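> Sequence isn't available, so here's the structure alone:
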């Protein structure tokens with residue numbers, strides 16, 4: 001603990017012994033006091049790292065000296081500017097002529113840690129690992145550890161003494177790092193150890209810390225998982241495996257990359273989960289990360305994943321009670337400084353990467369391979385897991401580059417990667433595996449085991465019975481509306497899929513009123529509802545269109561309007577479908593929701609038929625932006641035209657038999673002429689609105705670069721077409737007084753947030769934050785409300801629940817969280833009754849979601 005002697009003012013030429021340098025302050029019942037010394041804190045973090053390595057099933061991946069590296073992360077806090085920063089916060093006496101505000105120019109103490117390690121000739125990667133432990137590269141180019149701002153030679157000698165003391169205490173020295181992948185793993189270990197070592201277990205310097213390491217690591221959730229042994233597929237899922245599922249399970253026999261190409265509805269999810277169980281049971285994996293295409297994906301996949309865990313986890317498994325209740329891991333586990341409410345890693349989408357089991361987005365996984373804030377923490381979280389990448393299609397060039405890099409990184413981190421796809425072309429499969437692929441069979445399993453360095457094993461899978469789908473290309477949308485209403489009036493269950501939220505909202509408004517008059521139920525599902533509203537809508541409509549709704553199916557006809565959320569990871573079954581035209585792989589995914597199950601009870605008049613809303617081919621090729629409309633802003637005009645060529649004269653398809661040909665015809669490279677050559681050139685080189693795929697590939701490679709500026713997460717686009725990247729908190733009202741803020745939710749309930757953190761227990765903060773997270777909507781950049789300052793949101797205590805950004809790092813004081821209030825007319829306004837958008841009117845309705853309305857004068 002800190003020595004109790006009075007600290008007096010000193011001249012900058014003098015120094016503080018490293019034993020007396022504070023690392024932390026802590027809140028002692030509302031009073032900020034000096035916390036742990038730098039030496040104490042560094043030793044704590046080193047011991048936490050040792051314990052994390054000891055518990056890891058992949059401990060052999062960490063080099064000897066990994067814990068010592070973690071311990072040295074904060075040696076830069078032995079510096080005059082940081083000393084004054086802490087003393088100022090605690091109202092202590094300061095060193096004279098030392099301006100702690102200067103720390104901003106080199107991004108704080110982490111930069112001093114980096115320079116110190118460099119001066120000590122630490123091995124390759126080590127200085128940068130220390131410098132980046134807060135998630136980004138500090139601005140230290142051209143600086144040296146013994147520069148005057150860092151205290152000169154005297155303070156550098158104290159830092160060197162601290163390094164020697166830590167070396168003796170931990171019995172280690174800095175390791176030799178063998179590869180960039182191992183460097184990312186070590187950087188992630190360092191940051192996570194720091195978070196845990198900065199948690200409440202170690203805040204009070206008056207209490208001994210040595211006996212709290214195990215408890216702190218337990219509380220952070222890093223507890224070994226135990227499984228029921230020898231369970232059959234039937235015991236896990238309640239039915240016998242199909243032949244295709246059995247073949248995949250047989251092939252996944254060790255670390256490597258496995259691609260399962262099979263039609264929709266064949267049970268790829270269950271096959272991959274059982275293969276993962278076998279790896280876990282044999283001790284060859286540390287957990288599962290199930291990566292869904294985007295945040296658009298239905299919550300229903302979480303329920304399937306939870307049911308799987310309920311079967312395979314041992315009765316006495318310490319994780320069982322947490323993992324089987326939605327978000328319980330988020331509420332109960334304490335990840336320390338960054339993982340608390342208001343920290344950058346409290347959000348479940350991020351913290352799930354550190355849990356033993358999680359369903360999340362592929363975007364979060366992709367950032368493990370990027371130079372993005374805390375990208376290496378994601379790499380640490382994925383190490384040794386079975387990573388299931390669901391519904392991988394022929395992605396755009398940007399994401400494809402990232403995905404290829406991620407898979408190579410996961411190979412090196414001891415992962416088993418299972419890629420599920422209904423619509424992957426051969427060229428893309430070859431890129432993913434970085435191995436030559438020859439087979440054109442479908443369905444197909446391609447196995448690339450790490451131990452088989454030369455080639456792949458391609459195994460043909462029985463296709464099963466073909467289904468015939470009647471296809472109608474229709475340009476008359478009014479006729480399609482009448483057809484949907486007529487089918488629903490007969491009692492059919494209809495899906496109508498649009499490519500944008502705005503079009504889906506308008507289509508719902510067009511249909512809903514007439515449907516009600518005809519006794520037809522009508523619903524809307526897309527990504528821009530609050531979490532609470534979306535869960536309510538999904539619970540109703542996915543159940544009605546799934547097996548759970550079979551008894552109610554014939555009570556009335558229904559029309560469910562939606563966006564791409566209806567094509568992804570949903571076990572829903574429609575009798576008739578109307579879809580806006582889209583690339584071939586997306587259309588095939590949508591057909592997977594049409595007559596999905598043979599046993600589904602249907603209206604006698606139903607036929608397996610889909611109408612595709614599409615322009616004529618010639619006019620589309622001449623002017624795709626005009627004739628495809630908003631879809632040409634979502635998907636590449638060139639790919640849309642290529643897809644339309646394939647479907648132009650198709651009256652019916654046989655699936656899965658035709659899938660391979662349809663995909664290859666759409667994506668096979670070829671020379672183009674005239675207009676098509678123009679759209680291909682635009683795809684490659686871009687236009688004034690969008691970047692081309694060549695530039696996107698380069699942008700992805702920059703993002704993957706080992707050096708360079710670290711991207712903030714909000715700007716790290718991993719999917720060029722995925723633009724719902726800004727969080728908006730939707731409330732009814734918000735107010736504050738001298739002690740607390742009062743937030744009124746959409747359902748009228750209220751949440752109190754004290755302005756001082758110590759007024760609530762940690763669990764109470766987590767519960768309030770979890771409730772507020774259910775009021776979040778994700779929107780594109782152009783549709784978000786006006787930003788307000790971090791200080792404004794702090795007045796309402798929102799920094800206690802949400803990460804608002806780092807003004808020191810971002811160079812601005814605007815919050816990355818946006819807030820809007822819903823008035824009695826459903827319109828949105830700012831938190832101080834201000835206008836929320838310069839160009840549009842915004843509104844939120846529980847049946848329509850977040851809506852953008854163009855102003856008349858705009």
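Great, that's in hand. Keep in mind that this is a model prediction, so the values were computed, not measured.
> C-alpha from now on. contacts and neighbour counts both.
Will do.
> helices and strands around the host helix or strand of residue 430, which ones?
Element membership for residue 430 (DSSP states H and E) is helix 426-433. Applying 3 or more C-alpha pairs under 8 Å, 6 or more residues apart in numbering; DSSP states H and E, we find helix 426-433 packed against helix 397-412.
> related to what we said a few turns ago, which other residues reach the helix holding residue 430?
Residues outside helix 426-433 that contact it (C-alpha atoms under 8 Å, 6 or more residues apart in numbering) are 257, 259, 394, 403, 404, 407, 436, 437, 438, 440, 448, 664.
> I'd like the list of those that fall within strands, please.
257, 259, 448 (DSSP state E).
> Return the residues in contact with residue 341.
Residue 341 makes contacts with 765, 766, 769, 800, 801, 802, 803, as judged by C-alpha under 8 Å, 6+ apart.
> now those in TSV, with distance to residue 76?
What follows is those, written out as TSV (distance: C-alpha to C-alpha, whole Å):
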residue	distance to residue 76
765	32
766	32
769	33
800	28
801	29
802	28
803	25
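> re the thing from before, switch the ones in strands among the contacts of helix 426-433 over to TSV, and while doing so, append pLDDT and neighbour count to every line.
Converted to TSV, the ones in strands among the contacts of helix 426-433 look like this (pLDDT from 0 to 100; neighbours: other C-alpha atoms under 10 Å):
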residue	pLDDT	neighbour count
257	95	26
259	93	24
448	92	25
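> Residue 292: what's it in contact with?
Residues counted as contacts of residue 292 (C-alpha under 8 Å, 6+ apart) are 359, 360, 361, 362, 389, 390, 391, 569.
> what's the closest of these to residue 638?
Of all the contacts of residue 292, residue 391 has the smallest distance to residue 638: 22.2 Å, by C-alpha to C-alpha.
> For the stretch 551-700 of the chain, which segments are assigned as strands?
Per DSSP state E, counting those that start in this stretch, the stretch 551-700 of the chain carries strands over the ranges 558-562, 576-580, 609-613, 652-655.
> And for the stretch 151-300 of the chain?
Under DSSP E, counting those that start in this stretch, the stretch 151-300 of the chain gives strands at 256-261, 288-292.
> Determine the three-state secondary structure at residue 446.
Assigned with DSSP: H, G, I helix; E, B strand; the rest coil, residue 446 falls in the strand class.
> count of residues packed around the nearest residue to residue 727 once chain neighbours are set aside?
Nearest non-adjacent residue to residue 727, counting by C-alpha to C-alpha, 6 or more residues apart in numbering: residue 778, 4.8 Å away. Applying other C-alpha atoms under 10 Å, we find 22 other residues in the vicinity of residue 778.
> Which element, helix or strand, includes residue 778?
Applying DSSP H and E as the criterion places residue 778 in strand 776-779.
> who touches stretch 448-463?
Contacts of stretch 448-463 (C-alpha under 8 Å, 6+ apart): 243-244, 247, 254-258, 262, 411, 433, 435-437, 439, 441-447, 656-657.
> My read is that residue 694 contacts residue 684, right?
Yes - Residue 694 is within contact range of residue 684, at 5.5 Å (criterion: C-alpha atoms under 8 Å).
> hmm, back to that, for ChimeraX, what selects the buried ones among the contacts of stretch 448-463?
A single ChimeraX command selects the buried members of those (16 or more other C-alpha atoms under 10 Å):
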select :244,247,254,255,256,257,258,262,411,433,437,441,442,443,444,445,446,447,656,657
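> Where do the helices of the stretch 201-350 of the chain begin and end?
Here the stretch 201-350 of the chain has its helices, by DSSP state H, counting those that start in this stretch, at 213-219, 233-237, 243-251, 268-281, 300-312, 320-323, 328-332, 348-351.
> so which of these comes closest to residue 620?
With C-alpha to C-alpha as the criterion, residue 620 lies closest to helix 268-281 of the helices of the stretch 201-350 of the chain, at 35.6 Å.
> list the buried ones in the closest one?
Using 16+ other C-alpha under 10 Å as the test for burial, helix 268-281 gives 268-281.
> Turn these into CSV, columns for pLDDT and distance to residue 52.
Converted to CSV, the buried residues of helix 268-281 look like this (pLDDT from 0 to 100; distance: C-alpha to C-alpha, whole Å):
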residue, pLDDT, distance to residue 52
268, 89, 33
269, 90, 31
270, 93, 31
271, 94, 31
272, 95, 28
273, 96, 26
274, 97, 27
275, 96, 26
276, 97, 23
277, 97, 23
278, 96, 24
279, 95, 21
280, 95, 19
281, 93, 21
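> Among these, which one sits closest to residue 233?
When the buried residues of helix 268-281 are compared for distance to residue 233 (C-alpha to C-alpha), residue 274 wins out at 6.7 Å.
> Start and end of stretch 284-293, how far apart?
Length of stretch 284-293, first residue to last, C-alpha to C-alpha, to the nearest Å: 26 Å.
> next one: it to chain centre, how far?
Computed by C-alpha atoms, centre = their mean, to the nearest Å, the chain-centroid distance of stretch 284-293 equals 13 Å.
> One more: stretch 776-788?
Remark: stretch 776-788 is offset 18 Å from the chain centroid, using C-alpha atoms, centre = their mean.
> Just the endpoints, please. Distance across it?
End residues of stretch 776-788 are separated by 17 Å (C-alpha to C-alpha).
> average pLDDT for that stretch?
Across stretch 776-788, the average pLDDT comes to 89.
> Now do it: everything it contacts.
Contacts for stretch 776-788 (C-alpha under 8 Å, 6+ apart): 527-531, 723-730, 814-820, 830, 836-837, 850, 852.
> What is the subsequent helix or strand relative to the strand holding residue 778?
helix 790-795.
> what domains does the record give for the protein?
Per the record, the chain has its domains at 18-219, 233-460, 467-655, 726-854, by automatic domain parsing.
> Residue 801 against residue 764, yeah?
No - with contact defined as C-alpha under 8 Å, residue 801 does not reach residue 764; the gap is 10.8 Å.
> Comparing the two, which residue is more hemmed in?
The neighbour count for residue 801 versus residue 764, taken as other C-alpha under 10 Å, is higher for residue 801 (23 against 12).
> how much space between the residue nearest to residue 98 when sequence neighbours are not counted and residue 591?
Nearest in space to residue 98, with sequence neighbours left out and distances taken as C-alpha to C-alpha, 6+ apart, is residue 81 at 6.2 Å. The gap separating residue 81 from residue 591 is 62 Å, by C-alpha to C-alpha.
> ditto for residue 39
Between residue 39 and residue 591 the distance is 62 Å, computed by C-alpha to C-alpha.
> you'd agree residue 286 is up against residue 280?
Yes - assessed by C-alpha under 8 Å, residue 286 is found in contact with residue 280 at 6.7 Å.
> and stretch 363-381, average pLDDT?
Rounded mean pLDDT across stretch 363-381 is 87.
> Highest mean neighbour count across the strands of the stretch 551-700 of the chain, which stretch is it?
With neighbours defined as mean count of other C-alpha atoms under 10 Å, the strands of the stretch 551-700 of the chain peak in mean count at strand 558-562, which reaches a mean of 26.
> ok, residue 45 - how many residues close by?
Neighbour count of residue 45, defined by other C-alpha under 10 Å: 29.
> let me redo that: residue 404
Summarising burial for residue 404: neighbours were counted as other C-alpha under 10 Å, giving 17.
> which residues does it contact?
Neighbouring residues of residue 404 by C-alpha under 8 Å, 6+ apart: 431, 432, 433.
> do the same with residue 275
If you count contacts by C-alpha under 8 Å, 6+ apart, residue 275 has them with 248, 249, 252.
> Can you tell me which of the contacts of residue 341 is nearest residue 670?
For the contacts of residue 341, the nearest to residue 670 is residue 803 (47.8 Å; C-alpha to C-alpha).
> so how far is residue 253 from the closest residue to that closest one other than its chain neighbours?
Setting aside the residues directly before and after it, residue 803 is nearest to residue 342 in space (C-alpha to C-alpha, 6+ apart), at 4.5 Å. To residue 253, residue 342 is 42 Å away according to C-alpha to C-alpha.
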